[in-house]
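Undergrad: fold the following for me, if possible:
(one chain, ligands or ions: 2)
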Amino acid sequence: MSPVESQPHDGGCTCRHVRYRLTAKPMFVHCCHCRWCQRETGAAFALNALIESDRVKLLHGDVEVIDTPSNSGKGQRISRCPKCRIALWSNYGGGGDAIRFVRVGTLDEPDRLPPDIHIFTGSKQPWVVLPANALAVAEYYRSADVWPRDSLERRNAALAAKPRG
Ligand SMILES: [Zn+2]
Ligand SMILES: [Zn+2]
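TA: Ligands and ions are numbered 1, 2, ... in the order given. All right, here's what the predicted structure looks like:
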């Protein structure tokens, strides 16, 4: 890794009760333009860094886990600061707590994690113009088709190590 990549990615909520650290580079970063993410963020898209749960280290505070409906119907569990209620990361149904979707905007240096793919661009707000070379799909995609090999290996190991549910 370069010196820049070896710097940890630290983040937290707005009231600073929760502070966390990503102890590895995320496996992949999604920019999701689905209507559900638009509603949950109140904005045009959500930016999520996918990483193994055991590589998200709480440095301070604790999180409150809120069961929330999701587009898939399987639900998502959103971890929020119990004081200021900012959402820090989610787990989606099916993967259990093996992989977390960390809200990139809660990192101290979110600029370091630009999206690897834009998903659900079928509902992208029209004023959001993607770079010409951006990887983008109208809905979802198969990780095996897109992710780098080392990220796929990490993902498979995380899913194999934890019970699904
Ligand atoms: Zn807080
Ligand atoms: Zn979404």
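
Undergrad: quick one: Ala138 and ligand 2, what's the gap?
TA: Counting by CB to the ion, to the nearest Å, the separation of Ala138 from ligand 2 is 13 Å. To be clear about C-beta, it is placed using only N, CA and C from the backbone, and glycine gets the same treatment.

Undergrad: can you pull the contacts of that residue?
TA: By CB atoms under 8 Å, 6 or more residues apart in numbering, the contact list for Ala138 reads 120-122.

Undergrad: in which helix or strand does it reside?
TA: Secondary-structure assignment from DSSP states H and E places Ala138 in no helical or strand segment.

Undergrad: give me the phi and psi for it.
TA: phi -70, psi -40 (degrees, to the nearest 10).

Undergrad: cool, and Arg16?
TA: The phi/psi pair for Arg16 (degrees, to the nearest 10) is phi 70, psi 20.

Undergrad: name the nearest residue to Arg112, ignoring sequence neighbours.
TA: His9 (6.7 Å; CB to CB, 6 or more residues apart in numbering).

Undergrad: low-confidence ranges, this structure, go.
TA: 1-6, 94-95, 162-165 (pLDDT under 70).

Undergrad: which helix runs longest in it?
TA: helix 149-161 (DSSP state H).

Undergrad: just the buried residues of that one, please?
TA: Neighbour counts over helix 149-161 (16 or more other CB atoms under 10 Å) mark 151, 154-155, 158 as buried.

Undergrad: could you do stretch 75-89 as well?
TA: 76-81, 86-89.

Undergrad: and which of the residues you listed is nearest to ligand 1?
TA: Ranked by distance to ligand 1 (CB to the ion), the buried residues of stretch 75-89 are led by Cys81 at 3.1 Å.

Undergrad: now the strands for the chain?
TA: Secondary structure of the chain, counting by DSSP state E: strands at 9-12, 19-22, 28-32, 46-52, 56-60, 64-68, 76-80, 87-92, 99-103, 117-119.

Undergrad: what about the last one, near ligand 2?
TA: Just to be clear, that refers to strand 117-119. No: against ligand 2, strand 117-119 shows no contacts by CB under 5 Å from the ion, the least distance being 7.0 Å.
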